[in-house]
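**Q** Could you work out the structure for the sequence below:
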Amino acid sequence: MTDKEQKPQNPTPENQGPSCCSTGSSSCGCGSNLKWIILAAIFLVIIMIYKNSQKKVPTDEHGAPDVGIAWQQYDQALKNAAANNQPILLAFHAEWCGPCKYMAGEVYPKENVKKTMEKFIPVYVDIDKKSELADKYQVSGIPTYIVLNSKAEPVDQFSGGQEPAEFMMALENALKKTQQ
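**A** Below you'll find the predicted structure:
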């Protein structure tokens, strides 16, 4: 074989054809661009998730999400429940709680959720500001929902961030328990 007929030791894209990676050579560099693209895409997804979790929901003067729900203060809710024979929904939350932010920003604003919540006297309780209520009802995780009958007796409790349909079903089940 003459020098002109010998194959090059390190193939390059110009003399290799459509793909230099078909040689199995780790020195060609074709995969490095793909790795950077994948890393950049993962990084962007992480940033988007973080930004979405930091989304602020407007609040009323008491710190409850201002999403069209007539949140009441605890003492007033007790009086209104007794006067109107209506159950109370205690919603225990905290500003730093991710699932609480999800409920405030994605679940409570739904029209069908608001309509279901109208069957209750809703009370938004920030456990960092009203820890005595969290202690009274032995709340250990958030978000936690406790339903009281019109006599202020607990009849149901459920916890965790939920999808709108799941949340409404839990509320409807709790409402049935208040009527027993």
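**Q** ok so L89 is a helix residue?
**A** No. Counting by DSSP: H, G, I helix; E, B strand; the rest coil, L89 is located in no helix; its state is strand.
**Q** Could you pull up the contacting residues of the nearest residue to it once chain neighbours are set aside?
**A** Nearest residue to L89, sequence neighbours excluded (CB to CB, 6 or more residues apart in numbering): F120, at 3.9 Å. Yep, even glycine has a C-beta here, placed from its N, CA and C like the rest. Contacts for F120 (CB atoms under 8 Å, 6 or more residues apart in numbering) come out as 86-89, 147, 171, 175.
**Q** Return the member of these nearest to G160.
**A** L171 (13.8 Å; CB to CB).
**Q** Let's verify the closest one: helix, strand, or coil?
**A** Assigned by three-state DSSP, the conformation of L171 is helix.
**Q** thought it was touching K115?
**A** No. With contact defined as CB atoms under 8 Å, L171 does not reach K115; the gap is 10.4 Å.
**Q** Those two - which one has more neighbours?
**A** For L171 versus K115, the count of surrounding residues by other CB atoms under 10 Å is larger for L171: 21 against 10.
**Q** mind listing what the residue positioned nearest the centre of the chain touches?
**A** With distances taken as CA atoms, centre = their mean, the residue of the chain nearest its centroid is Y102 (3.2 Å). Listed by CB under 8 Å, 6+ apart, the contact partners of Y102 are G161.
**Q** All the helices of this protein, in order from the start?
**A** 13-16, 30-53, 74-84, 98-102, 111-117, 131-136, 164-178 (DSSP state H).
**Q** Closest one to Q72 out of the contacts of F120, please.
**A** Once CB to CB is applied, the member of the contacts of F120 that ends up nearest Q72 is I88, at 8.5 Å.
**Q** Mind telling me the two of the contacts of F120 farthest from one another?
**A** The widest separation within those (CB to CB) is 13.4 Å, between Q86 and L171.
**Q** what sits in contact with each of those two?
**A** 119-120.
**Q** Run a quick neighbour tally on A40.
**A** 10.
**Q** What distance do you get for it to D60?
**A** 41 Å (CB to CB, to the nearest Å).
**Q** Same check on N80?
**A** N80 sits at a distance of 17 Å from D60 (criterion: CB to CB).
**Q** pLDDT weak spots in this protein?
**A** 1-31, 48-55 (pLDDT under 70).
**Q** let's go with 80 and repeat that
**A** 1-32, 44-59, 61 (pLDDT under 80).
**Q** what's the neighbour count on A170?
**A** Close neighbours of A170, defined as other CB under 10 Å, add up to 19.
**Q** just to revisit the earlier point, and of the helices of the chain, who's closest to V125?
**A** Of all these, it is helix 131-136 that lies closest to V125, at 5.2 Å by CB to CB.
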